[in-house]
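**Student:** give me a model of this one.
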Amino acid sequence: MLGVFATNCPPTLPASELLWKEVSVLPSMVSCAGSGSGAGAQRADFEEALELLTSRPWLKELLVSHTFELQDAKQAFEVGMGKGASGAAKVMIRC
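**Tutor:** Numbers count the residues shown, from 1 in each chain. Predicted coordinates for the structure are as follows:
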């Protein structure tokens, strides 16, 4: 899980190390609704979410609402783009 809290300081990732260790990086949008505004509120929301996922690993299974194989990526994007109609929360494509 990686938190980015300001648009003027993009994260730097060790690309070679990620490649050799075959690490997957999965970007996801975050909301800071209800916690104020700005990077500080986003950081607080992120820290709370990280604590919840760490203490309750089964929660991540509840967050991904739809999972597709790579050959079905077009359908996955269609489901993700039509979140209201499809009921999608987070869509994952297995690679």
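
**Student:** send the alpha carbons of the host helix or strand of Glu17 over as CSV?
**Tutor:** If you go by DSSP states H and E, Glu17 is part of helix 15-21. Coordinates of the C-alpha atoms in helix 15-21 are reproduced here as CSV (Å, rounded to 0.1, in the frame of the first residue of the first chain):
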residue,chain,number,x,y,z
ALA,A,15,12.1,0.0,-10.5
SER,A,16,14.9,-2.6,-10.8
GLU,A,17,14.2,-4.0,-7.3
LEU,A,18,10.4,-4.2,-8.1
LEU,A,19,11.2,-6.0,-11.3
TRP,A,20,13.6,-8.5,-9.8
LYS,A,21,11.2,-9.3,-6.9
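
**Student:** tell me the buried residues in that helix?
**Tutor:** For helix 15-21, the neighbour count (16 or more other C-beta atoms under 10 Å) marks no residue as buried. Heads up, the C-betas are built off the backbone N, CA and C, glycines and all.

**Student:** now do the same for it: mean pLDDT, whole number.
**Tutor:** Taken as a whole, helix 15-21 carries a mean pLDDT of 79.

**Student:** give me the below-cutoff pLDDT ranges for this structure.
**Tutor:** 1-11, 23, 25-42, 83-84 (pLDDT under 70).

**Student:** ok, which stretches of it are helices?
**Tutor:** For the chain, helices defined by DSSP state H occupy the ranges 15-21, 39-55, 59-63, 73-81, 83-86.

**Student:** as a markdown table, those helices with distance to Cys95 would be great.
**Tutor:** As requested, the helices of the chain are exported to a markdown table (distance: least, C-beta to C-beta, whole Å):
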| stretch | distance to Cys95 |
| --- | --- |
| helix 15-21 | 14 |
| helix 39-55 | 22 |
| helix 59-63 | 17 |
| helix 73-81 | 9 |
| helix 83-86 | 21 |
